[in-house]
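**Student:** this one's structure only:
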Ligand SMILES: C[S@@+](CC[C@H](N)C(=O)[O-])C[C@H]1O[C@@H](n2cnc3c(N)ncnc32)[C@H](O)[C@@H]1O
């Protein structure tokens with residue numbers, strides 16, 4: 001398989017994976033969405049498509065999306081991509097998008113909103129800090145999805161390469177926090193690099 005074939009194969013796998021994620025979480029989707037580490041908007045596209053394309057959504061609802069990324073260039077690309085792709089819905093004010101460059105840990109406390117769905121796909125070593133940052137921003141029954149939760153199965157290994165150490169520890173700490181049954185119900189899904197799906201329940 002040459003390099004082009006390999007990238008096409010990887011692209012289609014990622015495509016299926018993103019499609020799977022957002023089709024399967026659709027029943028839980030609410031109107032306020034936060035994405036931590038939106039990158040160039042690829043996952044954003046699938047996330048928003050699950051409302052507007054794959055599913056028969058309630059079109060009377062306005063979706064408010066907030067995407068945060070440290071990388072200014074990526075966030076610009078995400079903004080251009082999403083504004084172009086969802087132009088009509090944005091024009092009709094069915095979708096309000098906010099792309100915010102900067103560190104999610106600092107930005108989240110400044111957002112005056114509570115979220116129904118949070119998708120985490122930024123720096124793995126910071127996963128517990130993102131959870132802490134969103135703590136006061138969780139709508140009851142909010143769903144928190146975290147990507148790469150198995151981290152190429154390294155979270156199950158006793159021999160962690162030194163350069164993965166902080167990421168693996170961050171993920172393990174995040175898992176410990178979302179297993180706190182006083183606030184959360186969590187399942188782990190063995191798809192792609194592993195996903196956790198956590199439901200916040202403040203009355204638990
Ligand atoms: C794996 S990429 C995201 C990919 C994207 N979710 C997708 O599927 O297309 C991780 C992103 O997290 C961003 N990031 C890392 N630490 C961050 C932080 N503290 N705050 C905001 N973004 C962060 C990086 O700039 C990078 O674009």
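**Tutor:** Cool, got the structure. All of these numbers come straight from a predicted model, not from anything done at the bench.

**Student:** Can you name the residues that contact the residue nearest to residue 41 when sequence neighbours are not counted?
**Tutor:** Distances taken as CB to CB, 6 or more residues apart in numbering place residue 78 nearest to residue 41, at 3.1 Å, with adjacent residues excluded. (C-beta placed from N, C-alpha, C; glycine too.) Residue 78 makes contact with 38, 39, 40, 41, 44, 67, 69, 99, according to CB atoms under 8 Å, 6 or more residues apart in numbering.

**Student:** can I assume the last one is in contact with residue 71?
**Tutor:** Which is residue 99. No. Look at residue 99 against residue 71 with CB atoms under 8 Å: they stay out of range, at 11.4 Å.

**Student:** Going by how many neighbours each has, rank those two and give me the top one.
**Tutor:** Counted by other CB atoms under 10 Å, residue 99 and residue 71 do not tie: residue 99 has more neighbours, with 22 against 15.

**Student:** So residue 188 lies in a strand, does it not?
**Tutor:** Yes. The assignment for residue 188 is a strand, going by DSSP: H, G, I helix; E, B strand; the rest coil.

**Student:** Not counting residues beside it along the chain, what's closest to it?
**Tutor:** residue 196 (5.4 Å).

**Student:** That neighbour pairs with what?
**Tutor:** When bridges are called by DSSP bridges, residue 196 pairs up with residue 146, residue 188.

**Student:** which residues of this protein fall in strands?
**Tutor:** Secondary structure of the chain, counting by DSSP state E: strands at 32-36, 63-69, 95-101, 115-120, 138-147, 184-189, 195-200.

**Student:** returning to that earlier point: save the contacts of residue 78 as CSV, and put in pLDDT and distance to the ligand too.
**Tutor:** Shown next, in CSV, are these (pLDDT from 0 to 100; distance: CB to the nearest ligand atom, whole Å):
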residue, pLDDT, distance to the ligand
38, 98, 6
39, 97, 3
40, 97, 6
41, 96, 7
44, 94, 7
67, 98, 9
69, 98, 4
99, 98, 11
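
**Student:** Just the buried subset of those residues, please.
**Tutor:** Burial by neighbour count, 16 or more other CB atoms under 10 Å: within these this picks out 38, 39, 40, 41, 44, 67, 69, 99.

**Student:** Need the winner for burial among the strands of the chain.
**Tutor:** Mean neighbour count, computed with mean count of other CB atoms under 10 Å, is highest for strand 32-36 among those, reaching a mean of 25.

**Student:** Tell me the gap between that one and the middle of its chain.
**Tutor:** Relative to the centre of its chain, strand 32-36 is centred 7 Å away, using CA atoms, centre = their mean, to the nearest Å.

**Student:** and if you look at stretch 158-170?
**Tutor:** Centroid separation for stretch 158-170 versus its chain: 22 Å, with CA atoms, centre = their mean.

**Student:** can you tell me the distance between the two ends of that stretch?
**Tutor:** This stretch, stretch 158-170, spans 15 Å end to end (CA to CA, to the nearest Å).

**Student:** try stretch 111-125
**Tutor:** Termini of stretch 111-125 sit 23 Å apart (CA to CA).

**Student:** quick one, helices of the protein?
**Tutor:** 3-24, 42-52, 72-85, 87-91, 104-107, 127-134, 165-178 (DSSP state H).

**Student:** Least reliable of these by average pLDDT, please.
**Tutor:** Ranked by mean pLDDT, these bottom out at helix 3-24, which scores a mean of 60.

**Student:** Cheers, nothing more for now.
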